[in-house]
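Task: produce atomic coordinates for the following.
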Amino acid sequence: MNKPQFEQWIEKRMVKWAAIFLSRSCPSIRFRIIIALLSVLGGLSSFVPPKAASATDQLQSTRYNWRFVARGVEYVEVPFVIAGRPRANLIVARIAPSAVLFRIYYQIGQRKTIHDWGVEKPSAVVLVNANYFTTAGRPIGLVRIGSNIMNPATNRPDSGQFLVQDEVPEIIPLTTNTQKQKPATKNSISYSESFEGFPFLITQGKLSSFAAADPEVRARRTVIAKDTAGRVVIVVTSPLELSLQEIANWLQDSGLEIYTALNLDGGSSSQIQIAGTDFLQIATPVGRVPVVLAVFAR
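Numbering: from 1, shown residues only. Below you'll find the predicted structure:
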């Protein structure tokens, strides 16, 4: 009920009630009733109905109902709200690094759906797509497993990498590659893996610019992020198609406390598998991908 409708509703009922009391009251009481009625009706002009909650307000006030997957691993389906109406659910997985192992898999010349990768890696609690790739199935950007650089970096200014160094995950710019990665040697047990994504969506808790990408093109999205508590957060929007700007805005307003977020391959490649859930892929068509990130319980 808007303000004019509310005022009309109140006025009709106040007049009706006043007429009943006036007909049954003495003159002095009638005078007091008239004064009170005029005061109430005059106060309606200052009535301001409560403001409807925005989509962001609704999202931030939503309590996430996280579902247990394994120790340190949980997920939730979050409605994406536009103009107050849910459009589709985003899949969000949240992972405590101390409870899991992250591993990157790439087989030259072979591509598989996430379902088929899951058949090959049945103990993985989470599987998600990683790099962009060419029509020939070759990854676009860095793929590094141990001391082997399986595919070179693009050197894009907006690229980043998901790096696992001595079982500690990080999301960092490619420009810090030489400082962060320490290849294993015969006298060292240090081990690292990494893959490239682009562009950064959030850095140090702030929205990034998308100078080297079109922020308005809509597609299914896969994002890997870290929150302020150091947990890895994976977001898959499929089947919903969003622009880079839309998913970046959502991440910042989500209440997930995202500190860093990196865009990965999307479109038909955007897929996730979570152990113990009913979904293996989110939408069709489902692409075959050459590089995946697998998460295993320790």
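
just for this protein, where's the confidence low?
Scanning the chain for pLDDT under 70 picks out the ranges 1-63, 176-189, 211-213, 215, 278-283.

What ranges does this structure have for its helices?
In the chain, the helices defined using DSSP state H lie at 3-23, 27-43, 55-60, 114-120, 177-180, 244-253.

Contacts only, for Lys226.
Counting by C-beta atoms under 8 Å, 6 or more residues apart in numbering, Lys226 touches Pro169, Glu170, Ile171, Val232, Val233, Ile258, Tyr259, Thr260, Ala261. The way it works is simple: take the backbone N, C-alpha and C, and place the C-beta from them, glycine included.

Let's see that with 6 Å instead.
The neighbourhood of Lys226, defined by C-beta atoms under 6 Å, 6 or more residues apart in numbering, consists of Ile171, Val232, Tyr259, Thr260.

For the residues you listed, which entry has the maximal number of neighbours?
The most crowded member of the contacts of Lys226, judged by other C-beta atoms under 10 Å, is Val232 (24 neighbours).

Run through the bridge partners of that one.
Ile95, Lys226 (DSSP bridges).

Kindly report the same for Ile202.
Bridge pairing for Ile202 - DSSP bridges - gives Leu207, Ala261.

State the number of residues packed around Gln107.
Each residue near Gln107 was counted by other C-beta under 10 Å, and the total is 13.

Is there a neighbour count for the residue nearest to Phe102 when sequence neighbours are not counted? I'd like the number.
Using C-beta to C-beta, 6 or more residues apart in numbering and skipping residues adjacent in sequence, the residue nearest Phe102 is Val164, 4.7 Å away. Other residues near Val164 come to 20 when the count uses other C-beta under 10 Å.

what's the distance between Val164 and Gln107?
Using C-beta to C-beta, to the nearest Å, Val164 is found at 19 Å from Gln107.

in stretch 157-164, what's buried?
If you call a residue buried by 16 or more other C-beta atoms under 10 Å, then stretch 157-164 has these buried ones: Asp158, Ser159, Gly160, Gln161, Phe162, Leu163, Val164.

May I have stretch 217-228 exported as PDB, CA atoms only?
Output of stretch 217-228 as PDB, limited to C-alpha atoms (Å, rounded to 0.1, in the frame of the first residue of the first chain):
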ATOM      1  CA  VAL A 217      29.500  -9.200 -22.500                       C
ATOM      2  CA  ARG A 218      27.300 -11.800 -20.700                       C
ATOM      3  CA  ALA A 219      28.300 -15.400 -20.300                       C
ATOM      4  CA  ARG A 220      28.200 -18.100 -17.700                       C
ATOM      5  CA  ARG A 221      31.000 -17.400 -15.200                       C
ATOM      6  CA  THR A 222      33.500 -19.300 -13.100                       C
ATOM      7  CA  VAL A 223      35.400 -17.300 -10.500                       C
ATOM      8  CA  ILE A 224      38.000 -18.300  -8.000                       C
ATOM      9  CA  ALA A 225      38.500 -16.100  -5.000                       C
ATOM     10  CA  LYS A 226      39.900 -15.700  -1.500                       C
ATOM     11  CA  ASP A 227      38.100 -14.100   1.400                       C
ATOM     12  CA  THR A 228      39.500 -12.100   4.200                       C
END
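
Off-centre distance for it?
Its chain's C-alpha centre and that of stretch 217-228 lie 6 Å apart, by C-alpha atoms, centre = their mean, to the nearest Å.

For that stretch, buried residues please.
Neighbour counts using 16+ other C-beta under 10 Å place Ala219, Arg220, Arg221, Thr222, Val223, Ile224, Ala225, Lys226, Asp227 of stretch 217-228 among the buried residues.

do the same with stretch 64-71
Across stretch 64-71, burial judged by 16+ other C-beta under 10 Å covers Val69, Ala70.

Distance of Glu196 relative to Gly84?
Relative to Gly84, and taking C-beta to C-beta, Glu196 is found at 38 Å.

So for the two, which sits in the more crowded spot?
Of the pair Glu196 and Gly84, Glu196 is the one with more neighbours under other C-beta under 10 Å, namely 29 against 10.

my guess is the more buried one contacts Arg144, does it?
No - with contact defined as C-beta atoms under 6 Å, Glu196 does not reach Arg144; the gap is 9.0 Å.

which residues does Phe200 contact?
Gly160, Ser208, Leu262.

Looking at the residues you listed, which is nearest Val92?
Leu262 (15.2 Å; C-beta to C-beta).

Could you report the neighbour count for the closest one?
Around Leu262 there are 26 residues (other C-beta under 10 Å).

residue contacts, Ile108?
So Ile108 contacts nothing (C-beta under 6 Å, 6+ apart).

My error: substitute Tyr75 in the last question.
By C-beta under 6 Å, 6+ apart, the residues touching Tyr75 are Arg67, Val69, Ala93, Ile274.
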